[in-house]
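In: sequence and predicted model, in that order:
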Amino acid sequence: LDKMFYNLKNEVRTILELGISQGAGILSLKDYFYNSYLWGIDIDENTFLKDEQIVQCDLADQLKLNSLKKSAMKFNVKFDLIVDDGWHHPESQINSMIAFLPYLNHNGTYIVEDIVHRDYHKYFQMVKKNLEEKNFQVEYKKFDIKGSDISNELAYLIICRKNQ
């Protein structure tokens, strides 16, 4: 993602991270995209951060589509970058896409992290095809994590809303 983030650095002004957890991701995004404002979603409100760049955090459950939709409506922001680093399971990832893709800016980028390639590759190929039919540019990128005992085959789904 380093090269992609480098190319987006001067264009991104609004960022959403799904899955704040300990805060490492949202703080890294804050530091790298230092001219941007950030929003965050997590199932645990103890992860919410207070910072002038972090506009708002909200409590939502990725397994409950209505929970995500309420957060999206509450934020009511068009995002230049959305990073789904929440629960790495297709049901939660799809719910998040349904709720937040309508809030992705034209020329915006939506990243689904840590797809378990060996289990869900075919499923996400169907998702990719469906999104491409809806005029999104979609790339499925597999990568290996050497020395990992959790999984050595993960992937990203990178979705770009074409400028219309």
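Out: That came through, no problem. Numbering: from 1, shown residues only.
In: may I see the buried residues of stretch 55-64?
Out: 57-58, 60-62 (16 or more other Cβ atoms under 10 Å). Glycine gets a C-beta too; all of them are placed from N, C-alpha and C.
In: can you pull out the residues in contact with it?
Out: 18-20, 37-45, 47-49, 67-68, 70-71, 74-75, 86-87, 91-93, 95-96 (Cβ atoms under 8 Å, 6 or more residues apart in numbering).
In: now the end-to-end length of it.
Out: 23 Å (Cα to Cα, to the nearest Å).
In: ok, now stretch 93-112?
Out: When the termini of stretch 93-112 are compared using Cα to Cα, they are 7 Å apart.
In: now, which of the contacts of stretch 55-64 lie within helices?
Out: Using DSSP state H, 67-68, 70-71, 74-75, 91-93, 95-96 are the members of the contacts of stretch 55-64 that sit in helices.
In: show me how to select, in PyMOL, the buried members of those.
Out: Command for PyMOL that selects the buried part of these, burial taken from 16+ other Cβ under 10 Å:
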select buried, resi 67+68+71+75+92+93+95+96
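In: output the ones in helices among the contacts of stretch 55-64 as CSV; include the columns pLDDT and distance to K9.
Out: Converted to CSV, the ones in helices among the contacts of stretch 55-64 look like this (pLDDT from 0 to 100; distance: Cβ to Cβ, whole Å):
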residue, pLDDT, distance to K9
S67, 96, 32
L68, 97, 27
K70, 97, 31
S71, 96, 26
K74, 95, 28
F75, 95, 23
E91, 94, 32
S92, 94, 28
Q93, 95, 25
N95, 97, 29
S96, 97, 24
